[in-house]
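Visitor: With the input below, show me the fold.
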Amino acid sequence: MQLPDIFLTLGEPAFEQLIRSVSIGKLKTFQLYERVKLRFHLAKLNSESLRKASPKLWARIVERDEEFATDISQVVLVSHLNMIVDVLNFLGIPNEDGFFPKDLDATDKLTDGWEQRVFDQFRSKYPDALLTFYINHLGWELLKTEQVFQPASAPVTAA
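Guide: This next block holds a predicted model:
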């Protein structure tokens with residue numbers, strides 16, 4: 001599985017929800033603001049310009065641009081570090097404010113059914129699309145997962 005596969009499986013409405021959830025403040029904190037503005041081809045970067053650019057950003061995902069999907073993932077993830085910390089702590093994965101070493105072996109923490117357990121634990125706290133995206137991203141990053149996880153109890157919906 002590649003990163004564009006996660007976005008494509010979740011669908012455009014969920015993608016739009018993820019884009020709407022991006023925190024401009026977090027982009028500035030992590031010094032990503034200018035890079036994102038450039039990579040997303042935006043003259044001005046704010047919530048409204050991101051929302052309006054969503055169809056163009058989606059078109060780039062549909063083209064299966066892996067590097068662009070990585071950029072989108074980073075933007076979404078830094079905007080939701082609180083959720084990441086919650087999920088990693090729930091799974092018992094050592095982290096520093098949501099960040100863990102690239103060579104981390106967490107196979108003993110990500111046992112069969114971990115995705116659904118995480119979804120069930122946090123679905124009332126975080127939007128389905130965001131939570132499902134992160135579960136898939138974590139599986140892709142740590143386990144090199146081949147299939148996109150879809151929660152059993154509820155379809156991913158844009159809110």
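
Visitor: OK, contacts around the residue of the chain most remote from its centre?
Guide: Distance from the C-alpha centroid of the chain, by Cα atoms, centre = their mean, peaks at Ala43 (24.2 Å). Residues counted as contacts of Ala43 (Cβ atoms under 8 Å, 6 or more residues apart in numbering) are 37, 49. The way it works is simple: take the backbone N, C-alpha and C, and place the C-beta from them, glycine included.

Visitor: Would you check how far apart it and Lys37 are?
Guide: Using Cβ to Cβ, to the nearest Å, Ala43 is found at 8 Å from Lys37.

Visitor: again with Ile72
Guide: 14 Å.

Visitor: Which parts of the chain are helices?
Guide: For the chain, applying DSSP state H gives helices covering 3-10, 12-20, 24-29, 33-39, 47-62, 66-78, 81-91, 114-122, 128-143.

Visitor: Next, count neighbours for Val76.
Guide: 21 (other Cβ atoms under 10 Å).

Visitor: State whether it and Ser23 are indeed in contact, as I suppose.
Guide: No. Contact between Val76 and Ser23 fails when scored by Cβ atoms under 8 Å: they sit 9.6 Å apart.

Visitor: about what we covered before: what about Ile72 and Lys37, which has more around it?
Guide: Neighbours of Ile72 and Lys37, each counted by other Cβ under 10 Å, are more numerous for Ile72; the result is 25 against 16.

Visitor: What does the pLDDT read for the more buried one?
Guide: Looking at Ile72, its pLDDT stands at 95.

Visitor: Tell me who's in contact with it.
Guide: Neighbour list for Ile72: 7, 18-19, 57, 61 [criterion: Cβ under 8 Å, 6+ apart].

Visitor: can you give me phi and psi for the residue farthest from the centre of the chain?
Guide: phi -70, psi -30 (degrees, to the nearest 10).

Visitor: Quick check: it vs Leu10, distance?
Guide: Going from Ala43 to Leu10 by Cβ to Cβ gives 28 Å.

Visitor: domain ranges for this structure?
Guide: Residue ranges for the domains of the chain, per automatic domain parsing: 3-78, 81-143.

Visitor: okay if I get those domains as TSV plus distance to Ala152?
Guide: As requested, the domains of the chain are arranged in TSV below (distance: least, Cβ to Cβ, whole Å):
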stretch	distance to Ala152
domain 3-78	15
domain 81-143	6
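
Visitor: what about those domains, which gets the closest to Phe149?
Guide: domain 81-143 (4.3 Å; Cβ to Cβ).
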